[in-house]
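Asker: Fold the following and give me the result.
(one chain, ligands or ions: 2)
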Amino acid sequence: MRTIFLIGTASSGKSTLTSALADWLKENEQSVATVNLDPAVISLPYEPDVDVRELVDYEQIMAVRGVGPNSALIYSIREVARNVETLVEEIRDLAVDYVLVDTPGQMEIFAFRKEGTTIARALTLERGAITYLVDPVLASGPRSFAASMFLAASVFLRFSMPMLMAVTKIDIVPPRHMKRIARWMESQEYFEQDLELSSGGVMMLMAREVARAVGEIRSMIPYVMLSSKTLEGFPALHMVITRLFGEGEDELR
Ligand SMILES: Nc1nc2c(ncn2[C@@H]2O[C@H](COP(=O)(O)OP(=O)(O)OP(=O)(O)O)[C@@H](O)[C@H]2O)c(=O)[nH]1
Ligand SMILES: [Mg+2]
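Answerer: Residues are numbered from 1 along each chain as shown. Ligands and ions are numbered 1, 2, ... in the order given. Okay, here's the model as predicted:
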C-alpha cells in the first residue's frame, strides 16, 4: 500500500489532481482509494472513499466555540489527529495499491502544525510520499519562483518522506511561461541571471545565494509538469512516484 499526500497552496489543484490521478491509476489497473482530509470543503471533484467530514463537524466547531474559519480548521485538525485511528482502520480495510490523500486548502494547517505530521505518519500504513503542487500562477517571476521553491523545501523539511514537485495547470499557462519555469528548474545559471535582472538593491546582492539554494532544492526534489485536465505529464508523474517508492522504472501490471 502506497500513500501519496497531495500538498500545496490554496487552489494549486490538489483535489483536481487527486481525482484525475485516481482515475488514471485505475485505468492502469491499480486499485486506488481517495481520502479527503479537508474538514471545511463543500464539494469535491471525486467521491472520497474515506472522508474526514464524517469524523469532525467543522461548521459545528465554528458555532459552538464561537471562532472564525481558520481557528475552526485548527480545532478540526486536532480532532482528526486525536481520532486518526478511525481513518487508519477504514484505509486498512480498503486494502488498495494506492491511497491518495487530498490535504486541506489552508496548507499551513496541515504542513506546519504537529497534527499534520502526526496524521501523515499514521496514514502511511506501509510506504508514503508527498506530491507537492507548485502553482505556476504563483511562480510567474524569478522571485516568486524562488519563494515557491522555498515553500516546497519547508514542506520537505517538515515531513521525513520522499517528495516530488508537480507544477500544475500547464494547459492554461502560456507555453512561454512554462518554458521559463522549466529553464529555471534546469539551469541555476539561467535562473541566477533572470533573478539578478528582476532584482535591485539587497536582493540583487543575494541573487547568487538564492539561486544556489534553489539549485540545491531542485537537486534533492524531482519535479514533473502536468495538467489534470489534459493528463499531459501523468506518465512522467507515475514514473517519478514509482522511483520514489523505490520500485524500479515501471511497475504497472
Ligand atoms: N485548466 C486547469 N485547471 C485546473 C487544473 N488543476 C486544477 N484546476 C482548476 O483550479 C481550481 C482549483 O483546483 P482545486 O483542485 O480545487 O485546487 P485545491 O488545491 O484542491 O484547492 P483548495 O483545496 O481550495 O486549496 C479549480 O477551478 C480547478 O478546476 C489543471 O490542471 N488545469
Ligand atoms: Mg481542494
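
Asker: Can you tell me the SS state at the closest residue to ligand 1 within the stretch 51-200 of the chain?
Answerer: Using C-beta to the nearest ligand atom, the closest approach of the stretch 51-200 of the chain to ligand 1 is made by Gly105 at 2.7 Å. In short, each C-beta sits where N, CA and C put it, glycine included. What DSSP: H, G, I helix; E, B strand; the rest coil gives for Gly105 is coil.

Asker: Would you confirm that it contacts Ala10?
Answerer: Yes. If you go by C-beta atoms under 8 Å, Gly105 and Ala10 touch, sitting 4.7 Å apart.

Asker: Could you report the distance from the residue of the stretch 51-200 of the chain closest to ligand 1 to Met1?
Answerer: 26 Å (C-beta to C-beta, to the nearest Å).

Asker: mind listing the helices for this protein?
Answerer: Listed in chain order, the helices of the chain (DSSP state H) span 14-27, 58-65, 69-82, 84-94, 107-111, 114-123, 142-158, 175-186, 188-198, 201-220, 234-244.

Asker: thinking again about what came up before, where's the residue of the stretch 51-200 of the chain closest to ligand 1 relative to ligand 2, distance?
Answerer: 5 Å (C-beta to the ion, to the nearest Å).

Asker: residues contacting that residue?
Answerer: Contacts for Gly105 (C-beta atoms under 8 Å, 6 or more residues apart in numbering) come out as Ala10, Ser11, Lys14, Asp38, Ala40, Val41.

Asker: Please name the nearest non-neighbouring residue to the third one.
Answerer: Once flanking residues are discounted, Lys14 sits nearest to Leu6: 4.5 Å by C-beta to C-beta, 6 or more residues apart in numbering.

Asker: before we move on, what about Val88?
Answerer: In space, Val88 is closest to Ala122, 5.5 Å off (C-beta to C-beta, 6+ apart).

Asker: before we move on, back to that, beta-bridge partners for the residue nearest to Lys14, please?
Answerer: With DSSP bridges as the criterion, Leu6 is bridged to Asp102, Thr131.

Asker: Tell me the helices and strands packed up against the least confident helix or strand in the chain by mean pLDDT.
Answerer: Ranked by mean pLDDT, DSSP states H and E, the helix or strand of the chain with the weakest confidence is helix 201-220, at a mean of 89. With contacts taken as 3 or more C-beta pairs under 8 Å, 6 or more residues apart in numbering; DSSP states H and E, helix 201-220 sits against helix 142-158, helix 188-198.

Asker: And for Ala213, the neighbour number?
Answerer: By other C-beta atoms under 10 Å, 16 other residues sit near Ala213.

Asker: Correction: the previous question concerned Glu29.
Answerer: Neighbour tally, Glu29, other C-beta under 10 Å: 9.

Asker: Equivalent analysis for Lys169, please.
Answerer: 22.

Asker: mind checking how far it is from Gly8?
Answerer: Applying C-beta to C-beta, the value for Lys169 to Gly8 is 11 Å.

Asker: doesn't Leu195 make contact with Arg212?
Answerer: No. Between Arg212 and Leu195 there is no contact under C-beta under 8 Å: 10.8 Å.

Asker: Those two: who's more crowded?
Answerer: Leu195 (23 against 13).

Asker: picking that back up, buried residues, the least confident helix or strand of the chain. List them.
Answerer: Buried residues in helix 201-220, counting neighbours by 16 or more other C-beta atoms under 10 Å, are found at Ala207, Val210, Ala211, Ala213, Val214, Gly215, Ile217, Arg218.

Asker: If anything else comes up later, I'll come back, but that's it for now.
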